[in-house]
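K.L.:
No letters, just coordinates:
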């Protein structure tokens, strides 16, 4: 019944048989029309978002991830979007859709992912990552949980811009999908024709590294003809201002394990004699990075493709809010040797994403552990190859006197080498990608989003996160990022959230792109 009701509601919005408005609207005027529509339909939009968020969406949870794909098909087809599922064995399919406008001369493809990061429900304040919760502000600001407003014929539900929805994928990436579809609804209701053909690619494995996306898209190249791809993945700038970005970093992940005795030993009887893998790992990790954050691995920065004139100019013009971020995140001194955050995002980074050895806290034991483990990631920039970067890491480890193996060390290896480390590269790694800011479409999109938002947009050469845009680059498709969600959304962490004011503004931006983008 729910799906029928949604389809009936949307069927009342005729499209594409639209009456052209007497005069073409500017992007700002389109944004206002979308805003007017949204203010009359906030309850319906939020209900659709909440239904989507309520379906668990971990990439490896095959049953539920396929439910997400089926739900997406319903959402798309309710708008009259021709939809195809591009299957992936044992995983969620790639969901492809297209909406053709007869008069359109350009085709814009929109990319997002419908899977989310794994969850630890116990770490969430409300304990239920897939039951959307509404709060009147961010939890860190003392936000209290409130009920979703009731909507009736007598009283329309109204949502405050500062309210936040807490749920997995509320920001990353389900809300941009709903914002795009709601923007289509708004244009139809306001009889504003689409100025472009629209295609969508929604994948269900991005948080697992998109291991099957490239192969799947190459098998269906006939569907992918377009002039531009827009990704909605990622947050807006930390200043809260809208963001348009032209590059993203790639990623290399790997695990390291150092070894002590074959089993844990009493630290009183054997400490200071039996080698401690925790100290060995600590020394190895410390050798990789200087005190100011400069990576000490030989040739680590050699393959970086320098920024061009336009990219350098964009960096100079980006807001300098580092001091505000330091206060907000509560640390006294950043890494980087005095470079701004936006400058450091243009360079490869080395990060320890997790450490483990024996036990701490109430479970702490007086032992010499048998092993210590670390998980690391390298964010790659344009010009760097993941395999070559991994070899640089291995060469550095060997220079520190370690015997390196990719398998569990044998008895003979443990007895023959004083320092043994197992290093295993993650199954998925990929390179960075960047679109030229000098392309006509790049300039046109920036101008349009500026016009839509009153000239408040931040332009960034590269976003810090990793998204597999290199796949579309290889297909000859220029891509640009237009994220819409708040920067403090706890992406990839517990208490992921969406600030509604950003969501509403995202609808307006996407509506203006669909109506007015030309080049």
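P.N.:
In hand now; what should we look at? Keep in mind the model is a prediction, meaning the values are calculated, not measured. Numbers count the residues shown, from 1 in each chain.

K.L.:
Let's test this: mean pLDDT of the helix or strand in which residue 472 is found, rounded?
P.N.:
Assessed by DSSP states H and E, residue 472 sits inside helix 470-474. Mean pLDDT, helix 470-474: 91.

K.L.:
That one packs against which elements?
P.N.:
Helix 470-474 is packed against helix 213-218, strand 433-434, with contacts defined by 3 or more C-beta pairs under 8 Å, 6 or more residues apart in numbering; DSSP states H and E. Placement of C-beta: from N, CA and C, glycine included.

K.L.:
which of those sits most buried?
P.N.:
strand 433-434 (a mean of 24; mean count of other C-beta atoms under 10 Å).

K.L.:
I'd like the helices and strands packed on helix 470-474 laid out as JSON lines, including mean pLDDT and distance to residue 169.
P.N.:
Shown next, in JSON lines, are those (pLDDT from 0 to 100; distance: least, C-beta to C-beta, whole Å):
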{"stretch": "helix 213-218", "mean pLDDT": "93", "distance to residue 169": "18"}
{"stretch": "strand 433-434", "mean pLDDT": "94", "distance to residue 169": "23"}
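
K.L.:
Output the below-cut-off pLDDT ranges for the chain.
P.N.:
Flagging of the chain using pLDDT under 70 yields the residue ranges 1-23.

K.L.:
before we move on, the earlier item: so how far is the helix or strand that the helix holding residue 472 is followed by from its chain's centroid?
P.N.:
Counting by DSSP H and E, the next helix or strand C-terminal to helix 470-474 is strand 479-481. Relative to the chain's own centre, strand 479-481 is displaced by 13 Å; criterion: C-alpha atoms, centre = their mean, to the nearest Å.

K.L.:
cool, stretch 223-232 as well?
P.N.:
Put simply, stretch 223-232 sits 18 Å off its chain's centre (C-alpha atoms, centre = their mean).

K.L.:
buried set for it?
P.N.:
Neighbour-count burial for stretch 223-232 flags 223, 224, 226, 227, 228, 229, 230, 231, 232 (criterion: 16 or more other C-beta atoms under 10 Å).

K.L.:
Now go through those residues and say which are in strands.
P.N.:
Using DSSP state E, the members of the buried residues of stretch 223-232 that fall within strands are 228, 229, 230, 231.

K.L.:
next one: phi and psi at the spatially closest residue to residue 113 that is not a sequence neighbour?
P.N.:
Leaving aside its sequence neighbours, residue 113 sits nearest to residue 206 (C-beta to C-beta, 6 or more residues apart in numbering; 3.5 Å). Dihedral angles of residue 206 (phi, psi; degrees, to the nearest 10) stand at phi -60, psi -40.

K.L.:
Now for residue 206: which residues touch it?
P.N.:
By C-beta atoms under 8 Å, 6 or more residues apart in numbering, residue 206 lies in contact with 59, 113, 115, 173, 213, 233, 467, 468.

K.L.:
ok, now which ones touch the fourth one?
P.N.:
Right, the one you point to is residue 173. Counting by C-beta under 8 Å, 6+ apart, residue 173 touches 112, 113, 114, 116, 206, 232, 233.

K.L.:
ditto for the fifth one
P.N.:
Under the criterion of C-beta under 8 Å, 6+ apart, the contact partners of residue 213 comprise 94, 203, 205, 206, 468, 471.

K.L.:
Quickly run through the sheet partners of the host helix or strand of residue 378, with directions.
P.N.:
Element membership for residue 378, per DSSP H and E: strand 371-380. Strand pairing for strand 371-380, using DSSP bridges, gives strand 250-259 (antiparallel), strand 349-356 (antiparallel).

K.L.:
among the helices and strands packed on helix 470-474, which is nearest residue 413?
P.N.:
Of all these, helix 213-218 sits nearest to residue 413, with 36.4 Å by C-beta to C-beta.

K.L.:
which stretches of the stretch 101-250 of the chain form strands?
P.N.:
Using DSSP state E, counting those that start in this stretch, the strands found in the stretch 101-250 of the chain span residues 107-113, 133-135, 145-146, 164-166, 197-203, 228-231, 243-245, 247-248, 250-259.

K.L.:
burial measure for residue 299, as a count.
P.N.:
Using other C-beta atoms under 10 Å, residue 299 is surrounded by 12 other residues.

K.L.:
contacting residues for it?
P.N.:
If you count contacts by C-beta under 8 Å, 6+ apart, residue 299 has them with residue 392.

K.L.:
now swap in residue 307 and tell me
P.N.:
Residue 307 neighbours (C-beta under 8 Å, 6+ apart): 315, 346, 461.

K.L.:
and of these, the nearest to residue 283?
P.N.:
Checking those against residue 283 by C-beta to C-beta gives residue 346 as the nearest, at 30.1 Å.

K.L.:
Against residue 502, how distant is the closest one?
P.N.:
Note on residue 346: its distance to residue 502, by C-beta to C-beta, to the nearest Å, is 25 Å.

K.L.:
just residue 78 next, same as before
P.N.:
25 Å.

K.L.:
can you check residue 288 too?
P.N.:
Distance from residue 288 to residue 502, by C-beta to C-beta: 37 Å.

K.L.:
ok so, going back, name the surrounding residues that touch the helix holding residue 472.
P.N.:
In contact with helix 470-474 (C-beta under 8 Å, 6+ apart) are residues 111, 210, 213-214, 217, 229, 250, 430-433, 435, 479.

K.L.:
My understanding was that residue 234 contacts residue 465; is that so?
P.N.:
Yes - using C-beta atoms under 8 Å, residue 234 is in contact with residue 465, at 5.5 Å.

K.L.:
what's the overlap in contacts for these two?
P.N.:
Shared contacts of residue 234 and residue 465, counting by C-beta under 8 Å, 6+ apart, come down to residue 248.

K.L.:
Return the set of buried residues in the helix holding residue 472.
P.N.:
Residues of helix 470-474 classed as buried: 470, 471, 472, 473 (neighbour count, 16+ other C-beta under 10 Å).
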